[in-house]
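>>> Just need the structure, nothing else, for what follows:
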Amino acid sequence: AKVPCHAVERLERRLASGAMLESHDIITTRNFSARLLDDVLWVAFIEQGDIKRCAWPLIRAMLFRSEESGLGSSAHGSEGSFEDDESGFFSLTHDEEGLSLVMDDTCKLAFDDFSDAAHIVYAPCRWRAFQIHLGTSAMPGVVCLLSSMLAEASISILNVSTYDADFILVQEADVVKATTMLRDSLKGGIHGLFEQQQLLGAHAAEVAEATEAAEDLGSADGLSERETALGADSHPGAEGE
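Numbering: from 1, shown residues only. All right, here's what the predicted structure looks like:
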């Protein structure tokens, strides 16, 4: 995903102001930004037959957020006090099976109010999100590469993309490991990341070639030994002659 000019300008203003980076920032440059969001996230699923029954909590999660932690309503009660709030995290994907949701604690409370009216399935673990912003001149393939690196390290991931950002989600138990890995991988910037992967790829190719050569040599030695054994067995009385 590419960042619109206004997003890049915001990032540049932030750097020009000399403000300290937040503790969860992993890297911030003119064309790239990666940070760990504060919100703890839930992954949930609503079957097709229950979607209409969840219309109100869906609207609340998308359009309204309460300043009160309980959201102040029940499934059939009053609406409570709602005010617009641009913070938080809520994402939904609709397919033929139903709705897949990724949401923060505040949004989850809206659906908890309707737990007796609709069946909502939650993943057993909670998640954290790394927000990735790519500038207009950023190299393509960064998010794919970072996701692959985490997956290869046995870190389960989910990817969510929006208009101007990408999010890599990891399970809450893996967040420290994932943060350390991303910091180490990105300390040289995007170009350093790709150079590092090229070196690793070249080393892997060398290892693969060496392994293949060793296997070929082993096969040749084995074949020679079998041929010698077969030759001896075909003339059992040669010495006697």
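
>>> ranges for the helices of this protein?
5-16, 55-63, 105-112, 142-152, 175-186, 189-234 (DSSP state H).

>>> so what's I46 scoring on pLDDT?
At I46, the pLDDT value in this model is 94.

>>> Beta-bridge partners for L169, please?
Taking DSSP bridges as the rule, L169 bridges to A129, L158.

>>> so who does it touch?
Counting by Cβ atoms under 8 Å, 6 or more residues apart in numbering, L169 touches L41, V43, V102, W127, R128, A129, F130, I157, L158, N159, V160. In this view, the C-beta of every residue, glycine as well, is placed from N, C-alpha and C.

>>> Now do the fourth one against V143, distance only.
Applying Cβ to Cβ, to the nearest Å, the value for W127 to V143 is 17 Å.

>>> So which of the two has more stuff around it?
Higher neighbour count among W127 and V143: W127, with 23 against 20, using other Cβ atoms under 10 Å.

>>> If we ignore the residues flanking it in sequence, what's nearest A173?
C125 (6.9 Å; Cβ to Cβ, 6 or more residues apart in numbering).

>>> Phi, psi for that neighbour please.
phi -120, psi 160 (degrees, to the nearest 10).

>>> If I follow the layout properly, it ends up in contact with Q171?
Yes: between C125 and Q171 a contact is recorded at 5.0 Å, counting by Cβ atoms under 8 Å.

>>> Which one of those two is surrounded by more residues?
Counted by other Cβ under 10 Å, C125 and Q171 do not tie: Q171 has more neighbours, with 18 against 12.

>>> Could I get the contacting residues of the more buried one?
Counting by Cβ under 8 Å, 6+ apart, Q171 touches C125, R126, W127, R128, I155, S156.

>>> Which members of the residues you listed are the farthest-apart pair?
Between any two of these, the greatest separation by Cβ to Cβ is 14.8 Å, found for R126 and I155.
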